[in-house]
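S.K.: After the sequence you'll find the predicted model.
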Amino acid sequence: MPVLLAPEQAPHLADLLRTANTVGLDYQLHNEPTSRIRGIGSLLCAGPEEISFLSNPRLKDQVAQCRAAAIIITQDVLDQLDLGPSRPVVVCSQPYLMYALIAQWFDQHRLSLLPAGIHPSAVIDPGAVIGDGVCIGPNCVIGAGAQIGAGSRLGPGCFIGQGAVLGKQGLLHANVTLYHGVSVGDRVIVHSGAVLGADGFGFAPDPFKGQGAWAKIAQLGGVIIGNDVEIGANTTIDRGALDDTVIGNGVKLDNQIMIAHNVRVGDNTAMAACVGVAGSTTIGRRCTIGGASMLSGHITLADDVHVSGGTAITSDVLVPGRYTGVYPYAEHGQWQKNAAVVSQLSQLRRRVRACEKNNS
Amino acid sequence: MPVLLAPEQAPHLADLLRTANTVGLDYQLHNEPTSRIRGIGSLLCAGPEEISFLSNPRLKDQVAQCRAAAIIITQDVLDQLDLGPSRPVVVCSQPYLMYALIAQWFDQHRLSLLPAGIHPSAVIDPGAVIGDGVCIGPNCVIGAGAQIGAGSRLGPGCFIGQGAVLGKQGLLHANVTLYHGVSVGDRVIVHSGAVLGADGFGFAPDPFKGQGAWAKIAQLGGVIIGNDVEIGANTTIDRGALDDTVIGNGVKLDNQIMIAHNVRVGDNTAMAACVGVAGSTTIGRRCTIGGASMLSGHITLADDVHVSGGTAITSDVLVPGRYTGVYPYAEHGQWQKNAAVVSQLSQLRRRVRACEKNNS
Amino acid sequence: MPVLLAPEQAPHLADLLRTANTVGLDYQLHNEPTSRIRGIGSLLCAGPEEISFLSNPRLKDQVAQCRAAAIIITQDVLDQLDLGPSRPVVVCSQPYLMYALIAQWFDQHRLSLLPAGIHPSAVIDPGAVIGDGVCIGPNCVIGAGAQIGAGSRLGPGCFIGQGAVLGKQGLLHANVTLYHGVSVGDRVIVHSGAVLGADGFGFAPDPFKGQGAWAKIAQLGGVIIGNDVEIGANTTIDRGALDDTVIGNGVKLDNQIMIAHNVRVGDNTAMAACVGVAGSTTIGRRCTIGGASMLSGHITLADDVHVSGGTAITSDVLVPGRYTGVYPYAEHGQWQKNAAVVSQLSQLRRRVRACEKNNS
């Protein structure tokens, strides 16, 4: 269940707003609530010591029932409601973004209470370079020549390979693996079980070892991750064969995504869970890739391409827009009938042509 | 290869049946075998010191060849066979369930021989609460305020975050990660590489950081796992955004499943491997979800919905039944012809309508 | 970025060729380059202290621009170019294989510089058997009766369960999990996060525990991995129910593959990432399975079957050849029109039949 701060740790709302990272956002606080803010909740679930927000105008009927200490709301919607002059509200043009930034404050507060410093069980090569204020959890292993930037935090059991680089203010959750030579930018979050820099899948037929045998193509390239990237749990990003696999700034990857060797992902592209991207494919900037989609290898997606969940993209997509390829499910009996026709579609077209000829 | 117990550790069949957890099952042992039972095998593979079972009547011709010390069988099938009066058999109305419970006995026996107690290399916060008889493997890390229920066992390298709770008689295999605040019920099994409680995938557009940039929505909800749940290797269950992600009692999840934030899975639902469930979807009780299926976000599946493997469910399914959406594969050339028609299906329908008009 | 050897560590080309494992390959070095070889690069990226190769004749126009110290090339292509008599080249009938073997040399060199021996933080049961020259990284845990073959190397945080066997010259990257009793052959590479031997997904309905409840079928079989296998990051291979799950010699598995219990994979078969193979399926030798494909349970694929990426194989494939089942994606509006027809395909066929009747 959502954890609330202890009452004595909870901030006054004005202080919370001031210390949250609301850079760029205009807002006004009307009526400081009497209670401190112990957490954040939805309109219907927030208690009297939490803050809530209205980002979807269709939910505005819920505001009357909302017990939260204060509500983040646009001026427009506020004008349509009759909350009375003393209701504590934060008026803001972008309530959803404001919610995001306040939620970040609570999460940062939680992180600030975790153990600091380097746990004595961590195994750190004397040749590694550890920045100021770095926190390293129990049983981490850091190889020779690795660098950990100032203010970064590693959960328990992380492995940082030889010569790998993690930038400043990074956050590796427990049990993250960075292979040798992987380079990660600043303010990057990596979730548990993610593996960055494993070998790309490359083999050459080796007839000298027997029919069908394979020779491994050692993967000598690296992985370069930009700034402000987030990488989900159990996601894997393989190292390049000769050149690098490159993830741009601001890219967001959900869980269980597979990025193959020599893929390039443009800035601020986001991918939902279970996406697979095959080798040497290039994805543009600001793309969104729906969950469980699959991108073939050696293709190019332009900037601002949006792929619906479950779609297999098998060729270049050079025009921005939305692309989809999921055919409808059905009750099983109905599906069986349709699927039987799919397997005879080319015959069906022939029959239609014959009919047309007869008719003409 | 299946390991057999050493002869001196193997139980007599009557003792095995008595100590196995066969609650509710009626059974009768006819003729205690002379040899002890060192393991369990299929009809064709079991050796003379193993027990076997016949659950599928179509396999009854294999019984004559079966070398097992004893066979679990229904009275019905036994009456159809001529095994002779001295053949050791366990007569039971549900041989498959009896097999399951006996197999559990062998696995429990194996577990009982593993090292007990808390390994000195485990790093346990003094504020954690460890129940009676808990076994904690090497290099586990247990955070402040975490609770481990009586009789639970953690394999090596597990991480239990701050305030996370594992119930009684749980079994975490090696290298399981529970983030802070995750709550797990009693008698839960979690396999290696599973990650419970990583951040859900939530971002708000942040125009102040640049075109297409994202602000992270910190995930402040939790994960609640019921009793008697099993979670497969490398499966990920994300924490909720504000409220919780909830997995009901008796749910069984195979490997590499992805459960996104705020999903709710009803009691006794089972999912095969590689399923992805997008955020805020609600799945009923006693559903079965076939392997590699994909469920869109914000949809509802009723109780007793059965989804065939590989199906993409993209909208509410409110009527119990079986649903399918996998279109047929084919030899590549045939597939090319059919796929070409698929991309022109709406034109094909227009042409059929034109023909119909001409004919009428 | 690709790391180059320090100049003083770099070999002369003749020495590199002699010490690389080029068994079976014929080659001739024309003109030893003056500089040592610090790495390997593509035709356009390799610098003057690297070697490059031309395997795809269509790239032969790039050779003129190539700055590499030497180029691996076939005699045929060399004859078509005018490189001059003093250009250092390695003439070889199979440049891609030669490249693979030289890349292996560089990777082996990197491995040879990693810490050797057994790290003091590793927890090794006194009953484990550790071969000569084995390297065991920090925080590894090795159970009773486990065996590690001569010359094998385990990265940090690996777990080798009770009685598990790893053959000779193996390489487990960081955070690999081998459950009890898993058997792995010689020269096997396993990447981080892979889990071998977790329980297969087996449950029997247990009416005595409540409507829809499940009894676990403990998985008593093993996993047997052949020689010269490579297993990708976060791939999972489950143990068998009673018999074993079997991976043949020379099999190559990419990342995030799921192999269910009692699957059998034939020698030299290769699978790209995100493939799922359901239980008890048998795959022949020399098959290739494209990324994100899904194979149903209890089916058989013959030798030399090639499955295109994203294909769901739901029944036996007994004839060698290429099989495909991915239907075309489209711009979203066009897709909507086509998908609507798919859901009415059986009616469409009825209408065609009616037209044909009218016409005849």
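M.R.: It's in.
S.K.: from here on, contacts and neighbour counts on C-alpha atoms
M.R.: Will do.
S.K.: quick one, phi/psi of residue A:46?
M.R.: Backbone torsions of residue A:46, given as degrees, to the nearest 10, read phi -60, psi 140.
S.K.: With adjacent residues omitted, what lies nearest to the residue in the stretch 251-360 of chain A that chain C sits nearest to?
M.R.: Closest to chain C within the stretch 251-360 of chain A is residue A:325: 3.9 Å, counting by C-alpha to the nearest C-alpha. The shortest distance from residue A:325 to any non-neighbouring residue, by C-alpha to C-alpha, 6 or more residues apart in numbering or on different chains, is to residue C:329 (3.9 Å).
S.K.: residues in contact with that neighbour?
M.R.: The neighbourhood of residue C:329, defined by C-alpha atoms under 8 Å, 6 or more residues apart in numbering or on different chains, consists of A:311, A:312, A:313, A:323, A:324, A:325, A:326, B:343, C:335.
S.K.: how many other residues sit next to the second one?
M.R.: Residue A:312 is surrounded by 27 other residues when neighbours are defined as other C-alpha atoms under 10 Å in any protein chain shown.
S.K.: Over to the nearest residue to it once chain neighbours are set aside: give its phi and psi.
M.R.: Excluding the flanking residues, the one nearest residue A:312 by C-alpha to C-alpha, 6+ apart is residue A:294, at 4.7 Å. When read as degrees, to the nearest 10, the backbone of residue A:294 gives phi -130, psi 130.
S.K.: On the pLDDT front, check whichever residue of the stretch 251-360 of chain A sits closest to chain B for me.
M.R.: Closest contact between the stretch 251-360 of chain A and chain B, by C-alpha to the nearest C-alpha, is at residue A:329 (3.9 Å). Note on residue A:329: pLDDT of 93.
S.K.: try residue A:1
M.R.: 56.
S.K.: doesn't residue A:100 fall inside a helix?
M.R.: Yes - counting by DSSP: H, G, I helix; E, B strand; the rest coil, residue A:100 is part of a helix.
S.K.: contacting residues for the closest residue to it other than its chain neighbours?
M.R.: Spatial nearest neighbour of residue A:100, excluding adjacent residues (C-alpha to C-alpha, 6+ apart): residue B:217 at 4.4 Å. Contacts were defined as C-alpha under 8 Å, 6+ apart; by that measure residue B:217 touches A:99, A:100, A:101, A:103, A:104, B:202, B:203, B:204, B:241.
S.K.: burial count for the residue nearest to the last one when sequence neighbours are not counted?
M.R.: I take that to be residue B:241. Nearest non-adjacent residue to residue B:241, counting by C-alpha to C-alpha, 6+ apart: residue B:219, 4.3 Å away. Look at residue B:219: counted by other C-alpha under 10 Å, it has 26 neighbours.
S.K.: Report the secondary structure state of residue B:219.
M.R.: coil.
S.K.: how close does it get to residue A:229?
M.R.: The gap separating residue B:219 from residue A:229 is 16 Å, by C-alpha to C-alpha, to the nearest Å.
S.K.: try residue A:211
M.R.: Distance of residue A:211 to residue A:229, given as C-alpha to C-alpha: 44 Å.
S.K.: In this structure the residue nearest to residue B:241 contacts residue B:203, no?
M.R.: No - contact criterion C-alpha atoms under 8 Å: residue B:219 and residue B:203 do not qualify, at 10.1 Å.
S.K.: residues contacting residue A:196?
M.R.: Counting by C-alpha under 8 Å, 6+ apart, residue A:196 touches A:177, A:178, A:179, A:182, A:223, A:236, A:237, A:238, A:239.
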